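S.K.: With the input below, show me the fold.
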Amino acid sequence: MHDLLAHLIDYVVPSIQLIGVLIVIWGVLDSAVRVLRREWQLARRGSAAWSFGEIRLAIGRKMVLGLEFFVASDIIQTVVVPTWESLGILAGIVAIRTVIVYFLEYEMRTGVPE
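M.R.: Presented below is the predicted three-dimensional model:
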């Protein structure tokens, strides 16, 4: 049974990681479009729909969501096939995610500077 589960993980984990990558790419593309639209609006009307702070928060949220998928895939892999390397990778990702979430929430609470 363990071998079947380990074999299944070879397909599940990369699929979950791919979802995380797609979410991060979505965040980057969405933010790039917002920046371009902002600059276009500033050039034409002198005002814009989004501030740079709002754009930073939007990409930050999507990065955190993508990291959630990476953490989930690493947790699944570590539970089924635990190695010291996979535990180290999991610890690193969780640490990075914690720092990003802390600062993102701090900026949302205090307001984002332009």
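S.K.: helices or strands up against the one helix or strand residue 25 maps to?
M.R.: Taking DSSP states H and E as the criterion, residue 25 maps to helix 2-45. Secondary structure elements in contact with helix 2-45, counted by 3 or more C-beta pairs under 8 Å, 6 or more residues apart in numbering; DSSP states H and E, are helix 52-80. Placement of C-beta: from N, CA and C, glycine included.
S.K.: For the helix or strand just after the helix it packs on, buried residues please.
M.R.: For helix 52-80, the following helix or strand on the C-terminal side (DSSP H and E) is helix 84-110. Neighbour counts using 16 or more other C-beta atoms under 10 Å place 86, 90, 93, 97, 101, 104 of helix 84-110 among the buried residues.
S.K.: Around residue 13, count how many other residues there are.
M.R.: By the measure other C-beta atoms under 10 Å, the count of residues near residue 13 is 19.
S.K.: Just to check, it is in contact with residue 75?
M.R.: No - Residue 13 is not in contact with residue 75 according to C-beta atoms under 8 Å; the separation is 9.9 Å.
S.K.: circling back to that earlier point, rebuild the buried residues of helix 84-110 as CSV, extending it with distance to residue 28 and pLDDT.
M.R.: As requested, the buried residues of helix 84-110 are arranged in CSV below (distance: C-beta to C-beta, whole Å; pLDDT from 0 to 100):
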residue, distance to residue 28, pLDDT
86, 27, 81
90, 24, 83
93, 19, 82
97, 17, 78
101, 18, 77
104, 16, 75
